[in-house]
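Trainee: Can you look at this prediction? I've put the sequence above it.
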Amino acid sequence: MVADVVVVGGGGAGLTAACEARRLGRRVLLLEKAARVGGTTALSVGSIMAAGTRLQRAAGIQDSPAEHAEDLAGVTKTFGIGDNPALRTLFATHAAEAVDFLEAIGVVFTDPMAQPPHRRPRLHQIIPGSRSYIHHLERHCAKSGVEVVCNVRASRLLQEGGRVNGVEAQAADGRVLRVTATRAVVLASGDVAGNPGMLTQYAGTGLENVEVLNPVCSGDGHAMAAAIGAKIVPRLDFGAAGLANIRFVPPARPNWVQSIPPHRAVAQLIKLGMRYLPDALLRPFVLKFLTTALGPDRRLFEHGFILVNKNGERFADELGGPNINDVGSRARPGPEDRDSRAPSLLLARQPEGIGYLIFDERLARQFSAWPCFVSTAPGVAYAYVNDYRKARADIFHSGDTLAALSARVGFDPEKLEATVAAANNNRSGRQQTLATPPFHALGPVKSWVLVTPVGLAVNDRLEVLDEHGAVIAGLYAAGGVGQGGYSITGHGHGLGWAFTSGLLAGRAAAAA
């Protein structure tokens, strides 16, 4: 098998790279080890942050990549997160190109929306859902002549004369394939979340029981590149606790809203509805998409919500302090034991790895209006208790008494009663007692590793670099595998980086 450009990985970054290289006249072959393309992109919330897009101009929004880069720098400074300024600027400068490209092939976005703390409305939310990205990219690949081969796992990079010139891969039937790339190879194989060894190596211990959003992302590209001298750059400042995210479990079956076909005409109708329908009618519709991928905000616990396991037992200080079983200690954990005390990591060690948020009617009313929200929801700004009550009835449980709530969910009633009583006796700050019926539970929630900030070192052309900073000729990286120390912060930047880096890597590979 021979192509000008070989792309490894069929998520958003890989498909975009393939489309761009093909647009520039190159023969392109894309290898995907799963049975179908999609990657982590297909599992995402679906939002992209970008400045200077056609949609912003049409809405009269004055914005610039420079302002976007400044806002991103401010976020990383506020939270003390390390970053790669060159890649941050590269992303902000070209993100609008990626959004405009996606629009051109049929993707439909909402009008740009605000997403604090960013100063301009620059969040572009896909309609109707993230699978629409893959639908349109896959169709565009087929139409433009990109060859896509699934069920093939790349295992080794081939070199000749110091230049990468192909990939060795294994087909599902065991056949070993040698694929020649006359110009370049683009790695777009995702992150390392599905590789326990790499997770331990780069994030430390503590994630052993945490589920992975996309197990297919097992660091294949990282390993292949490292084998020929590439440098892997982890963002160690996140730690295991920073990588484990508490999220509400998805519905057991897709709801009717999630089954809407991702055709452009259908999406345009939905967009018209979003512009003109009353919020009371529209909000439950939109939330049926978004509440499948959201998690609880920290301020819930600051006001008195508690987190319990399936037995009704509280197992952690929800605000990240010591385990509640450490009687008499309210000290905040230092860096050396932050991960061991993190609620997201402790949750993964509970029976079945699940938990529930417990609250009373007074808190339910409080968290049904600004400024008290359950989750940050791109596209509707915030999701409140009543949004979950309507859009996710499968995870919203109520009872007139704690015993009735226990019967509905399956808690041990005596344990839940004791848990709530102990919590009420140990309130601090703004935390309220749980005493106003009816009582409620949101859940199950689980801990997931969504993505990992571990990428290959790359330059501003997305060329992979070795341990000495020299370019490995013929090799490019995009998406999670090409993150190279760049910190993804806030809604829309992970997906934005995938598409933007894919576009630029495909362009550079075509010119190699």
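Mentor: On my side now, so go ahead.
Trainee: Need the three-state assignment for Pro262.
Mentor: coil (DSSP: H, G, I helix; E, B strand; the rest coil).
Trainee: Quick check: it touching Gly129?
Mentor: Yes. Under the criterion of CB atoms under 8 Å, Pro262 makes contact with Gly129 at 7.0 Å. (C-beta placed from N, C-alpha, C; glycine too.)
Trainee: more neighbours, those two?
Mentor: Taking neighbours as other CB atoms under 10 Å, Pro262 and Gly129 compare with Gly129 leading, 25 against 21.
Trainee: remind me which residues of the chain are low pLDDT?
Mentor: 236-238, 254-259, 279-293, 321-340, 377-381 (pLDDT under 70).
Trainee: Domain map for it?
Mentor: If you go by automatic domain parsing, the domain ranges for the chain are 2-51+130-238+453-511, 288-449.
Trainee: Off-centre distance for the last one?
Mentor: Between the mean C-alpha point of domain 288-449 and the mean C-alpha point of its chain there is a distance of 22 Å (CA atoms, centre = their mean, to the nearest Å).
Trainee: Buried residues of stretch 217-227, list them for me.
Mentor: 217-226 (16 or more other CB atoms under 10 Å).
Trainee: got the CA coordinates for that stretch in CSV?
Mentor: Extracted C-alpha coordinates of stretch 217-227, given in CSV (Å, rounded to 0.1, in the frame of the first residue of the first chain):
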residue,chain,number,x,y,z
CYS,A,217,-6.6,5.8,22.8
SER,A,218,-3.7,3.7,24.1
GLY,A,219,-0.7,5.7,23.2
ASP,A,220,0.2,3.9,20.1
GLY,A,221,1.5,7.0,18.3
HIS,A,222,3.5,8.0,21.4
ALA,A,223,5.1,4.6,21.6
MET,A,224,5.9,4.4,17.9
ALA,A,225,7.4,7.9,17.8
ALA,A,226,9.4,7.4,21.1
ALA,A,227,10.9,4.2,19.6
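Trainee: From here on, call the first residue 754.
Mentor: Shifting the count to begin at 754 puts that one at stretch 970-980.
Trainee: partners of the helix or strand where Thr933 lies, with directions?
Mentor: In the assignment (DSSP states H and E), Thr933 maps to strand 929-940. Note on strand 929-940: by DSSP bridges, its sheet partners are strand 755-761 (parallel), strand 916-924 (antiparallel), strand 1224-1230 (parallel).
Trainee: after it, next one along is what?
Mentor: Next along from strand 929-940, by DSSP H and E: helix 949-956.
Trainee: what about Phe832, how many residues close to it?
Mentor: Phe832: 11 neighbours (other CB under 10 Å).
Trainee: Might one say that it is in contact with Thr1242?
Mentor: Yes. With contacts counted by CB under 8 Å, Phe832 reaches Thr1242, the gap being 7.3 Å.
Trainee: Do a quick rundown of the helices in the stretch 1154-1265 of the chain.
Mentor: Secondary structure of the stretch 1154-1265 of the chain, counting by DSSP state H, counting those that start in this stretch: helices at 1155-1162, 1166-1177, 1246-1264.
Trainee: can you redo those helices as CSV with distance to Arg1067?
Mentor: Below are the helices of the stretch 1154-1265 of the chain laid out as CSV (distance: least, CB to CB, whole Å):
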stretch, distance to Arg1067
helix 1155-1162, 13
helix 1166-1177, 5
helix 1246-1264, 32
